[in-house]
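**Q** Any chance you could fold what I've pasted below:
(chains A and B)
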Amino acid sequence: MPTQYYLFLSIALFCIGVMGTLMRRNAIIIFMCIELMLNAVNLLLVAFSKMYNDPSAQIFVFFIMVVAAAEVSVGLAIIVLMYRKVHSVDINILNRLKH
Amino acid sequence: MTQLVYLIPLFPLIGFLINGIGWRKIPKSVGGAIGSLAVLASFVVSVGIFFEVKSETFQGPVLIKLFDFIQSGKLNIPFTFQVDALSSLFLLIITGVGFLIHVYSTSYMHDDEGMVKYFAYLNLFVFSMLLLVLGANYVVMFIGWEGVGLCSYLLIGFWFKNRDYTNAAKKAFVMNRIGDLGFLVGMLLILFQYGTLSYVEFFGQLKAGQLPVTADMYNCIAICLFIGAMGKSAQIPLYTWLPDAMAGPTPVSALIHAATMVTAGVYMIARSSVLYELAPMAKELIAIIGLSTALLAATIALYQNDIKKVLAYSTVSQLGFMFLALGVGAYTTGVFHVMTHAFFKALLFLGAGSVIHAMGGEQDITAMGGLKKKLPITFITFLIGVLAISGFPFTSGFVSKDEILLAVYAHNKVYFWIASFTAILTAIYMFRLLMLVFFGGFRGTEHQAHHLHESPKAITIPLVLLAILSLFAGLVQFPHAFGGHDFLNEFLGKAGVPAWAGEDAGAALREYYLLGATVIGLLAVYIATRKAFAVDKFEGKYTGFKNVLANKWYVDELYDAVIVRPLQGISRFSDKVIERLGIDGLVNGVGKSVRYGSDRIRLLQSGQVGSYLFVMVLGIIALFAITFFWIH
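**A** Presented below is the predicted three-dimensional model:
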């Protein structure tokens, strides 16, 4: 099937991910959306790799997966700590940085 | 002995330091003694130097360098003293009269808390004045020039708790400063054109006529220097500070505003005679200003009711005579009049001080009268002073004033008649003063009448000494027509001060005419003033034109309206508009705008994670746009 379909899907997933990070209140949902964005990019990279016959993009995909995993573990650890403090994962409650 | 010349200013400087630092602790009599002895020591050294200069073996000006003062690139100005006839004569006058006034002050200022501080200031003044006349270049002279201006300020405003006195001191200083600007410009012109400010070098270059400098430049420099003299020696238009300066203690008026500081301008021009001989326009200007100042001040003095103000205007008038003499080329005559004037004017001021002291501080002559019986020594010495200034035959004032008149006659007949008229006015106002103070009936209060007594010896002895000098100082330059000899002309000629080349054929006859006219004139003045002023009742109120004279021709009011008020207006405008709205507005405005901006930007930190994310996304989009569309 034409590679453009992969591009469209990837863009759609990415946009959904962006919308999600901006609009959701639950911190865990925001993390899921970030994961969604990362995976959309992975898909995109693989598609381009097929399009230009360049395997280095696929190597880059591995890097992204590793980074995503590490980042999620750190982020979830922070959310657990935060939950222990305020017993909620609503981001609107976390406004201690406010002046 | 000339090698010891540095001692002369050193003694008063030490006196100033001792009295100045310890004036709260040093007892009054000790402070007075220190001050007086310092000046006496300087006088002794000055006498020694004078005799050495006078002797046949003296060779030219002796320059004694103390240290290098200004050294910058090609400019080299050393701190050097010049000992020659002119400076040694002035040394004698300054230290001699100065010493007498110091002695007088020990008694006059006896009741004052700040007496030792007063002596410190007086010594500082003598030090500065000595620097002025001893300098070998214009820079050292200028140091002394400024120093005497400073001391004048300190001493006029000595009783500083009185606002009027401090205003008078401020006025004196500011007017001096205006003149000093001219002096500085003149000095800079000399430096620029000739590369040196030393008298010997500068006058040497002028005489050799090397540089292609135009007559305009000579006139320009000469006039600039004269502006300095205008301020210091109270000529039109910078004279109004001197009558106000009478706010200071009377010995100060005697020393500074009669005998020494105000003669600094005359000294400067006499010293620069080489320059002025090359600048005829400047000389004419000096003569005109001197003449008009003499006339103006004499008219004002006729209707003043304060004993010191009469003498102040008299000083301004006599200074005008001195500058008139300089302006017609009779430099030695001008210096001669400086000398005689120092004697009789100091005498008159000190006598006035004695009267004021006896009257318990009263200075208004409408409250005086008939004092000759109670204050005999003061009366006789004051009378001698009046005779000297009026030109009574053969007194010192007669000799010097006649010489001026004759020199002026040879130059311009119109000037001569105006000057002679002014001389008559001088006699009139001085005799008026004499009659109102010492003759007639006493017009003061009972309390004052009780207090009247002759002053102590520390006051009367200087009066007597000055009276003797006023009588006989004329002998140094007695007219040939009466068997005299030009001692002074010869002496000053050794320093290169030109004399009026005057004694031509008709001179002797003119001398006799002048003598006759003087005798008749003085007799008439005596009779007239005796009748008009030796009275029991004297209101001292004047109407019409007399009131204009009594109000000093409203010159002070004119200056106030034309200069002072606009200046104050400008300063008010600068403060309210330029300073408050402009500069403060700008500086504060920067601060305010930073604050405002930061208040606004601070709102970005809402603490809401959602908005942080949003801004982050926006930033990424912006970076993309820049990367793809802007950077090719």
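
**Q** Pull up the residues of chain B that are close to chain A.
**A** By the rule CB under 8 Å from any CB of the partner chain, the part of chain B lying against chain A is B:602, B:605, B:606, B:607, B:608, B:609, B:610, B:613, B:614, B:617. To be clear about C-beta, it is placed using only N, CA and C from the backbone, and glycine gets the same treatment.

**Q** Give me the below-cutoff pLDDT ranges for chain A.
**A** Counting by pLDDT under 70, chain A has low-confidence residues at A:97-99.

**Q** who does the longest helix along it touch, helix- and strand-wise?
**A** Ranked by residue count under DSSP state H, the longest helix found in chain A is helix A:56-86. Using 3 or more CB pairs under 8 Å, 6 or more residues apart in numbering or on different chains; DSSP states H and E, the elements in contact with helix A:56-86 are helix A:27-52.

**Q** about what we covered before: of the residues of chain B next to chain A, select the buried ones using a ChimeraX command.
**A** Filtering the residues of chain B next to chain A down to the buried ones (16 or more other CB atoms under 10 Å in any protein chain shown) takes a single ChimeraX command:
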select /B:609,610,613
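
**Q** Mark which of the residues of chain B next to chain A are part of strands, please.
**A** With DSSP state E as the criterion, strands contain none of the residues of chain B next to chain A.

**Q** From the residues of chain B next to chain A, which land in helices?
**A** Going by DSSP H, the helices hold B:602, B:609, B:610, B:613, B:614, B:617 from the residues of chain B next to chain A.

**Q** Now do the fourth one against residue B:46, distance only.
**A** Think residue B:613. 96 Å (CB to CB, to the nearest Å).

**Q** returning to that earlier point: which parts of the longest helix of chain A are buried?
**A** Quick answer for helix A:56-86 (16+ other CB under 10 Å): A:57, A:60, A:61, A:68, A:75, A:79, A:82.

**Q** Does residue B:77 belong to a helix, a strand or coil?
**A** Secondary structure assignment for residue B:77 (DSSP: H, G, I helix; E, B strand; the rest coil): strand.

**Q** which element is residue 88 on?
**A** Going with chain A. Using DSSP states H and E, residue A:88 is not contained in any helix or strand.

**Q** wait, chain B
**A** Of the helices and strands defined by DSSP H and E, residue B:88 is found in helix B:85-108.

**Q** Then residue B:542?
**A** Assigned by DSSP H and E, residue B:542 falls within no helix or strand.

**Q** Flag the shaky bits of the stretch 151-300 of chain B, pLDDT-wise.
**A** Short version for the stretch 151-300 of chain B, where the test is pLDDT under 70: B:210-212.

**Q** 90 - rerun?
**A** B:191-219, B:231, B:234, B:236, B:247, B:256-263, B:274-275, B:277-280 (pLDDT under 90).

**Q** so where do the helices sit in it?
**A** B:163-194, B:199-208, B:215-232, B:241-244, B:250-254, B:264-271, B:273-277, B:280-301 (DSSP state H, counting those that start in this stretch).

**Q** try the stretch 351-500 of chain B
**A** When secondary structure is read from DSSP H, counting those that start in this stretch, the stretch 351-500 of chain B shows helices at B:376-390, B:396-411, B:413-438, B:446-451, B:457-472, B:487-493.

**Q** any idea which of the ones you listed is most buried?
**A** Compared across these, helix B:396-411 shows the largest average neighbour count, a mean of 25 (mean count of other CB atoms under 10 Å in any protein chain shown).

**Q** tell me the domain boundaries of chain B?
**A** According to automatic domain parsing, chain B comprises the domains B:1-278, B:284-550, B:558-630.

**Q** between those, which one is nearest to residue A:10?
**A** Nearest to residue A:10 among these is domain B:558-630; the distance by CB to CB comes to 15.9 Å.

**Q** tell me the mean pLDDT over that closest one?
**A** Across domain B:558-630, the average pLDDT comes to 88.

**Q** Let me know the closest of the ones in helices among the residues of chain B next to chain A to chain A.
**A** Checking these against chain A with CB to the nearest CB, the nearest one is residue B:609 at 4.0 Å.

**Q** so what's the closest one closest to, chain neighbours aside?
**A** residue A:91 (4.0 Å; CB to CB, 6 or more residues apart in numbering or on different chains).

**Q** Do I have it right that the one you found meets residue B:608?
**A** Yes. Between residue A:91 and residue B:608 there is a contact at 7.5 Å, judged by CB atoms under 8 Å.

**Q** excluding its backbone neighbours, what's nearest residue B:77?
**A** Distances taken as CB to CB, 6+ apart place residue B:70 nearest to residue B:77, at 4.1 Å, with adjacent residues excluded.

**Q** Repeat that for residue B:456.
**A** Nearest non-adjacent residue to residue B:456 (CB to CB, 6+ apart): residue B:107, at 5.2 Å.

**Q** residues near that neighbour, how many?
**A** 21 (other CB atoms under 10 Å in any protein chain shown).

**Q** From chain A, how far out is it?
**A** 79 Å (CB to the nearest CB, to the nearest Å).

**Q** give the contact list for that residue.
**A** B:455, B:456, B:458, B:459 (CB atoms under 8 Å, 6 or more residues apart in numbering or on different chains).
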